[in-house]
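Student: Based on what follows, work out the 3D shape:
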Amino acid sequence: MLSRHFLRAKALQSIYAGVTSQATNPDEIGKNFDTNVGRLSTLGVIQLSTLSQLAFTAERVNEMAQQKFMPSEKDKRLSARPADNTFIRRLSDAFEYKQLCSRMKIEWSNHFDVFRKVFNALQKTPAYKTYVEAETCGFDDDKAFALNAFKALMNDDTLRSIIFERDLLWEDDFDQIAQYNFMMLKELKEDEMDEAMHCPLVYDSRNEKDTGDYNFARFLATETFIHIDDTEPLIRKHLQNWELERVALMDILLINMAVTEFTKCPSIPERVTVDEYIELSKEFSTEKSKLFINGILDKILIELRVAGRIEKDSRGLYDPEIDGDTPPES
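Tutor: Have a look, this model is predicted:
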């Protein structure tokens with residue numbers, strides 16, 4: 001599920017950490033990358049677990065409503081339906097999900113008031129009123145409520161702060177992982193959700209595409225680190241009236257990663273590589289970096305072509321402006 005763009009960013013962060021800590025072994029870069037992606041999977045499961053806790057909170061609220069002297073039918077219905085939500089219950093009852101929550105020691109029992117606050121806010125929305133007052137409620141209705149509830153949970157500042165207490169580094173990636181989780185939840189189908197279902201994971205090693213993208217980014221991180229010294233003269237050569245020592249380290253690393261893709265990744269078109277590192281420069285470097293990196297990469301690309309150091313397969317030669325919207329298979 002993690003996009004290659006996102007994984008490139010994790011590779012960049014791993015290389016940066018290695019360079020600034022003066023690492024000497026590329027295995028350290030690979031292990032750092034593994035740790036970074038593993039942390040994201042943990043964050044993903046923690047985010048999913050908030051749905052289960054919200055359903056539990058709704059159940060408690062429903063119990064309190066029933067304890068009123070004369071509870072109305074509205075009181076009985078207002079929190080009963082969210083508490084019995086089929087979509088959330090099936091997710092929560094899945095064996096693998098429960099195993100992961102136990103292994104990761106995910107515990108929300110001390111934060112009932114936070115979930116009660118989110119639930120109270122949900123109860124005031126028109127979508128909630130429509131959901132609980134409908135005469136019939138099917139799986140799709142439960143799913144729609146769960147998706148709305150998940151968005152509300154992920155946007156609650158107090159809940160986010162509690163999660164960041166476990167790992168401050170999650171703050172930068174929280175919204176992106178929440179978006180991936182939302183997409184995976186949205187794709188779940190009724191006939192797929194049972195106790196044997198796989199827990200939605202932002203990186204699932206059982207998924208061939210996930211594994212391929214992960215291996216690509218890990219290779220990119222270690223290969224770039226190995227060849228940093230070899231690439232330095234190439235970069236120096238194309239700096240006009242500028243010393244390498246005055247160039248931002250992040251820009252140097254982005255250029256190094258692009259050179260690795262040019263020369264070591266035959267299935268990736270050159271233009272895709274250039275565009276990716278221009279985008280990453282916008283996220284991780286200075287305002288002027290995109291122009292600088294674009295100019296340097298254009299010059300380096302010409303030299304690498306002339307030197308015969310770039311060999312692309314059919315997919316790597318794909319140009320959408322010439323070849324249409326669908327690239328060839330690898």
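
Student: And the protein, what are its domain boundaries?
Tutor: As given by automatic domain parsing, the domain ranges for the chain are 25-192, 227-323.

Student: Tabulate the ones you listed in JSON lines, adding columns for mean pLDDT.
Tutor: Written out in JSON lines, the entries for the domains of the chain read as follows (pLDDT from 0 to 100):
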{"stretch": "domain 25-192", "mean pLDDT": "92"}
{"stretch": "domain 227-323", "mean pLDDT": "87"}
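
Student: got the contact list for residue 199?
Tutor: When contacts are counted by Cβ atoms under 8 Å, 6 or more residues apart in numbering, residue 199 is found next to 45, 48, 94, 96-97, 100. C-betas here are computed from N, CA, C, even on glycine.

Student: where does it land on pLDDT?
Tutor: The confidence metric pLDDT takes the value 96 at residue 199.

Student: about what we covered before: in the contacts of residue 199, which residue is surrounded by the most others?
Tutor: Counting neighbours by other Cβ atoms under 10 Å, residue 48 comes out on top of the contacts of residue 199 with 26 neighbours.

Student: Grab the nearest non-local neighbour of that one.
Tutor: Spatially, and ignoring its direct neighbours in sequence, residue 48 is nearest to residue 181 (6.0 Å; Cβ to Cβ, 6 or more residues apart in numbering).

Student: burial of the closest residue to residue 121 other than its chain neighbours, as a residue count?
Tutor: What sits nearest to residue 121 in space, not counting adjacent residues and going by Cβ to Cβ, 6+ apart, is residue 152, at 6.6 Å. Counted by other Cβ under 10 Å, the residues lying close to residue 152 total 18.

Student: Whichever strand or helix holds residue 152 packs against which elements?
Tutor: Element membership of residue 152, judged by DSSP states H and E, is helix 139-154. Helices and strands touching helix 139-154, as assessed by 3 or more Cβ pairs under 8 Å, 6 or more residues apart in numbering; DSSP states H and E, comprise helix 26-66, helix 73-83, helix 86-93, helix 112-123, helix 126-133, helix 174-187.

Student: And it, what's buried?
Tutor: Taking 16 or more other Cβ atoms under 10 Å as the basis for neighbour counts, the residues of helix 139-154 that come out buried are 141-143, 145-146, 149-150, 152-154.

Student: Nearest to residue 61 among those residues?
Tutor: Distance ranking of the buried residues of helix 139-154 against residue 61, using Cβ to Cβ, places residue 149 first at 13.5 Å.

Student: wait, what's in contact with the closest one?
Tutor: When the contact criterion is Cβ under 8 Å, 6+ apart, the partners of residue 149 are 51, 54, 82, 88, 118, 122.

Student: what residue is smack in the middle of this structure?
Tutor: Taking Cα atoms, centre = their mean as the criterion, residue 177 is the residue nearest the geometric centre of the chain, at 3.7 Å.

Student: Residue 41 is in contact with that one, correct?
Tutor: No - in terms of Cβ atoms under 8 Å, residue 177 does not count as a neighbour of residue 41; the distance is 9.0 Å.

Student: picking up where we left off before, so the residue nearest to residue 121 sits right up against residue 124, yeah?
Tutor: No - using Cβ under 8 Å, residue 152 makes no contact with residue 124, being 10.9 Å away.

Student: what sits in contact with each of the two?
Tutor: Overlap between the contact sets of residue 152 and residue 124, as judged by Cβ under 8 Å, 6+ apart, is nil.
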